[in-house]
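> how would this look folded up:
(one chain, ligands or ions: 2)
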Amino acid sequence: MSSGKGGPGIEWHEARRLAAAAASGPEIAVVNLAESIGLMLAGDVVAQQSIPHFASSAMDGWAVVGEEPWMLGSPDSLTPGSAWPVVTGQQLPIGIRGVLRSEHGAVDGRELRPNERATSDEPRPGQHVRLPATEATRGEIVVTAGCIVNPAHVALAAACGLDELTVHPRPTVAILTTGDEVTAAGLPSAGSVRDSFGPQLPSVIAMLGGSVHSTTRVGDDEDATVAALTTAAAVARLVVTTGGTGHSSADHLRSSLARLGATIVIPALAMRPGAPTMLAQLPGGQLVLCLPGNPLAALMGLFTAGGPVLAALSGRSEISTHRIRLATDVAGSPTATRLLPYSLGEKLASPTPWTGSAMMRGLASADGVLVVPPEGAAAGSELDALPLPWLR
Ligand SMILES: Nc1nc2c(c(=O)[nH]1)N[C@H]1C(S)=C(S)[C@@H](COP(=O)(O)OP(=O)(O)OC[C@H]3O[C@@H](n4cnc5c(N)ncnc54)[C@H](O)[C@@H]3O)O[C@H]1N2
Ligand code: MOO
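Ligands and ions are numbered 1, 2, ... in the order given. Okay, the predicted model is just below:
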């Protein structure tokens, strides 16, 4: 069932606002550099010392002091006319003229001279010397909190002398799929359906910022549903369920949530498909996002309410809508927002032919999802559209 017995559904934009508001803020954790990639940075990255922190050679060759010819010696005395062999990265003392690269010099006995490949002024003052603090000074912020940590950030943090970063970890999510008729593999017989969620929902949730801890199948049974919700809520900040949102004898989600003392945040959505999507909060603060069993309806519910929840729990910015121009007239639904997978041609959007709530074919070929207001929209006008998490 949907809004019929559950009261009027919440308007689409309002539902997104309520979903984000119901989620408590992101957690903060300190993790090893390698584990931080892909997470939201919660604290600035600050150089612990200057980068580079010592002067070094940028070339294999000779550190030289003063004018040629240079006599090979040791770095202990910086006497004009002295030189010594260096390799790339080797520490250099202050006071040398520069580094003559190995291809541009020749040694005869202990005497070093530039060869014919060298220019007359080589090495110029400071040539091939990496000076300290040219990339950052000690205490300088080199990455500001609020971005997703990427591999380059991590390499920079390592260069800054850091071993760990302060991040917002991905919120843990537990998935419960319901439905005695659902078959996990192979060809389903008449009366059974292939599980749409097991193979894809964890990835979509990850794309939206979550980390799926477990996926559990629950039979159409109230005690089993209560037990599974309790187990899931013990490990997850968000529990995502599929199916069983209705009021039939096979649907036990509502009564199970009531038994657990849950507060209903979103009882239903004024949205097609996906109207029966529900958001509830358990007494421990964990959110339970109840998606309808129909596969497209479930993803529309996940994009609408799950996106804002996961963004808030992971400290990420919400996936925002963008404007897209229509190739055709699109009819609205008088009391609901329609979500229609669309494909693009010549930069104009047309709903795909497969928009039924059980159909995945439209979404599989879609470039995004149109957010159609109740009054519909005419060809040539612009509508809001949601980007698909896998195409961002
Ligand atoms: N009398 C009414 N009946 C229904 C209403 C209503 O308002 N009044 N709303 C319809 C709408 S809209 C939807 S959406 C569904 C929601 O149903 P449930 O959330 O209770 O889900 P189920 O009944 O368990 O399943 C619905 C449908 O989805 C199939 N399903 C379930 N799980 C999976 C899965 N893992 N993979 C693929 N398909 C799945 C299931 O076999 C059913 O066909 O209720 C309508 N009915
Ligand atoms: O809301 Mo249901 O999702 O139309 O099938």
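> from here on, contacts and neighbour counts on C-alpha atoms
Fine.
> skipping its backbone neighbours, what lies nearest Val218 in space?
Among residues not flanking Val218 along the chain, Thr178 sits closest, at 4.9 Å (CA to CA, 6 or more residues apart in numbering).
> for that neighbour, give me its contacts.
By CA atoms under 8 Å, 6 or more residues apart in numbering, Thr178 lies in contact with Arg217, Val218, Gly219, Asp220, Thr241, Thr242, Gly243, Gly244.
> which helix or which strand is home to the nearest residue to Val64 once chain neighbours are set aside?
Once flanking residues are discounted, Val64 sits nearest to Ala83: 4.3 Å by CA to CA, 6+ apart. Per DSSP states H and E: Ala83 is located in strand 82-86.
> surely the residue nearest to Val64 is in contact with Gly66?
No: if you go by CA atoms under 8 Å, Ala83 and Gly66 don't touch, sitting 9.0 Å apart.
> got a winner among the contacts of Thr178 for most neighbours?
For the contacts of Thr178, neighbours were counted using other CA atoms under 10 Å, and Thr241 has the most, 28 neighbours in all.
> any idea how far Ala185 is from that one?
Distance, Thr241 to Ala185, by CA to CA, to the nearest Å: 20 Å.
> tell me the SS of the residue nearest to Ala63 when sequence neighbours are not counted?
Leaving aside its chain neighbours, Ala63 sits nearest to Val99 (4.5 Å; criterion: CA to CA, 6+ apart). Here Val99 is recorded as strand under DSSP: H, G, I helix; E, B strand; the rest coil.
> Val99: neighbour count?
If we define neighbours as other CA under 10 Å, then Val99 has 30 of them.
> how near is it to Thr79?
From Val99 across to Thr79, the span is 15 Å (CA to CA).
> same check, this time on Asn32
For Asn32, the distance to Thr79 equals 46 Å [CA to CA].
> these two - which one has more neighbours?
The residue with more neighbours, out of Asn32 and Thr79, is Thr79; 17 against 14, by other CA under 10 Å.
> next, count neighbours for the residue nearest to the more buried one when sequence neighbours are not counted.
Excluding its sequence neighbours, the residue lying closest to Thr79 (CA to CA, 6+ apart) is Val65, at 6.7 Å. For Val65, the neighbour count with other CA under 10 Å is 23.
> so who does Ala331 touch?
Applying CA under 8 Å, 6+ apart, the residues near Ala331 are Val372, Glu375, Gly376, Ala377.
> for PyMOL, what selects the buried ones among those?
To isolate the buried subset of the contacts of Ala331 in PyMOL, counting by 16 or more other CA atoms under 10 Å, use the following:
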select buried, resi 372+376+377
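> closest to ligand 2 out of the contacts of Ala331?
Of all the contacts of Ala331, ligand 2 sits closest to Val372, with 14.6 Å by CA to the nearest ligand atom.
> spatially nearest residue to that closest one (excluding sequence neighbours)?
Arg338 (4.9 Å).
> doesn't the one you found lie inside a helix?
No: counting by three-state DSSP, Arg338 falls outside a helix, being strand.
> touching, it and Pro373? I think so.
Yes: using CA under 8 Å, Arg338 makes contact with Pro373 at a distance of 6.6 Å.
> ok, these two, which is more surrounded?
Arg338 (27 against 21).
> for the more buried one, list each beta-bridge partner.
Note on Arg338: beta-bridge partners by DSSP bridges are Arg272, Val372.
> after the lowest-mean-pLDDT helix or strand in the chain, which helix or strand is next? Please name it.
Counting by mean pLDDT, DSSP states H and E, the weakest-scoring helix or strand in the chain turns out to be helix 3-6, with a mean of 42. Using DSSP H and E, the next helix or strand after helix 3-6 towards the C-terminus is helix 12-22.
> show me the domain layout of this structure.
Domain ranges of the chain: 2-27+169-314, 29-51+135-167, 56-130, 322-391, per automatic domain parsing.
> list the contacts for the residue nearest to Ala63?
By CA under 8 Å, 6+ apart, the neighbours of Val99 are Ser57, Met59, Gly61, Trp62, Ala63, Val64, Pro123, Gly126, Gln127, His128, Val129.
> widest-spaced pair of these?
With CA to CA as the measure, no two of the contacts of Val99 lie farther apart than Gly61 and Gly126, at 13.8 Å.
> and the two? which has more neighbours close in?
Ranked by neighbour count (other CA under 10 Å), Gly61 and Gly126 place Gly61 first, with 21 against 15.
> ok, that one touching Val87?
Yes: between Gly61 and Val87 there is a contact under CA under 8 Å: 6.4 Å.
> ok, Leu291 - contacts?
240-243, 245, 274, 276-278, 297-299, 301-302 are the contacts of Leu291 under CA under 8 Å, 6+ apart.
> no, scratch that, I was asking about Val129
Val129 makes contact with Ala55, Ser56, Ser57, Ala58, Leu92, Gly98, Val99, according to CA under 8 Å, 6+ apart.
> same question for Trp390.
Residues in contact with Trp390, defined by CA under 8 Å, 6+ apart, are Val204, Met207.
> repeat the analysis, applying 10 Å as the threshold.
Each residue near Trp390 by CA atoms under 10 Å, 6 or more residues apart in numbering is listed here: Ser203, Val204, Met207, Leu208, Asp367, Gly368.
> how about the strands in the stretch 251-392 of the chain?
Per DSSP state E, counting those that start in this stretch, the stretch 251-392 of the chain carries strands over the ranges 263-266, 271-272, 278-281, 287-291, 322-325, 337-345, 348-351, 368-372, 382-386.
> what is the third one packed up against?
Strand 278-281 sits against helix 12-22, strand 238-242, helix 253-259, strand 263-266, strand 287-291, with contacts defined as 3 or more CA pairs under 10 Å, 6 or more residues apart in numbering; DSSP states H and E.
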